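K.L.:
only geometry, no sequence info:
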């Protein structure tokens, strides 16, 4: 299914010109000063909700009975995990797995997206040894040494 695009202002001015686009898929409403919006038909929305909910319940069941399988599946689907150290890879899989299961059970997937982006960016830095070394320091300055912030800070 393709996503059509229209401007938010055109939707406000002439909604009848945008609504027919829904027959071809979802419509992304581009806004200049804020996050874009997506409009969709209720049947598509409901199908996604049911599909996500079922997928979440199935995945939670599998991960509870075989946690190693979830780790294997994540490593296969996120090949950039290989760029992380073994310790960071284990931390990433644990964090992503927890956020995935929590998000699927609640429908709030923003924390999952944040974890995925953060770990992927870390992996991309680690894939460039010169950059990784430069970002590890040492750094010039006389400030206090900071510890890694706790999750969510």
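P.N.:
Great, that's in hand. Given the structure is predicted, the values throughout are model-derived calculations rather than measurements.
K.L.:
longest single helix anywhere in this protein?
P.N.:
The residue-count maximum for a helix in the chain (DSSP state H) belongs to helix 42-65.
K.L.:
now do the strands in the chain.
P.N.:
Assigned by DSSP state E, the strands in the chain fall at 4-7, 27-30, 37-39.
K.L.:
most tightly packed of the ones you listed?
P.N.:
Highest mean neighbour count among the strands of the chain (mean count of other CB atoms under 10 Å): strand 27-30, with a mean of 17. Every C-beta, even on glycine, is put in place using the N, C-alpha and C of the backbone.
K.L.:
how much space between residue 111 and residue 105?
P.N.:
In this view, residue 111 and residue 105 are 12 Å apart by CB to CB, to the nearest Å.
K.L.:
sorry, wrong one. I was asking about residue 138.
P.N.:
Computed as CB to CB, the residue 138 to residue 105 distance reads 43 Å.
K.L.:
next one: residue 2
P.N.:
Noted for residue 2: a distance of 30 Å to residue 105, by CB to CB.
K.L.:
equivalent analysis for residue 30, please.
P.N.:
32 Å.
K.L.:
now the residue nearest the centre of the chain: how far from residue 74?
P.N.:
Centroid-nearest residue in the chain, with CA atoms, centre = their mean: residue 113, separated by 2.1 Å. In this view, residue 113 and residue 74 are 15 Å apart by CB to CB.
K.L.:
now do residue 136
P.N.:
Counting by CB to CB, the gap from residue 136 to residue 74 is 26 Å.
K.L.:
neighbour-wise, which of those two wins?
P.N.:
Shown here are residue 136 and residue 74; by other CB atoms under 10 Å, residue 74 has more neighbours (18 against 9).
K.L.:
contacts only, for the more buried one.
P.N.:
Applying CB atoms under 8 Å, 6 or more residues apart in numbering, we find residue 74 in contact with 81, 93, 96, 97.
K.L.:
residue 99 is in contact with residue 110, isn't it?
P.N.:
No - in this structure, residue 99 is not within contact of residue 110 by CB atoms under 8 Å, at 9.2 Å.
K.L.:
show me which of these two is the more surrounded one.
P.N.:
Shown here are residue 99 and residue 110; by other CB under 10 Å, residue 99 has more neighbours (20 against 9).
K.L.:
find the nearest non-adjacent residue to that one, please.
P.N.:
Once flanking residues are discounted, residue 99 sits nearest to residue 112: 4.2 Å by CB to CB, 6 or more residues apart in numbering.
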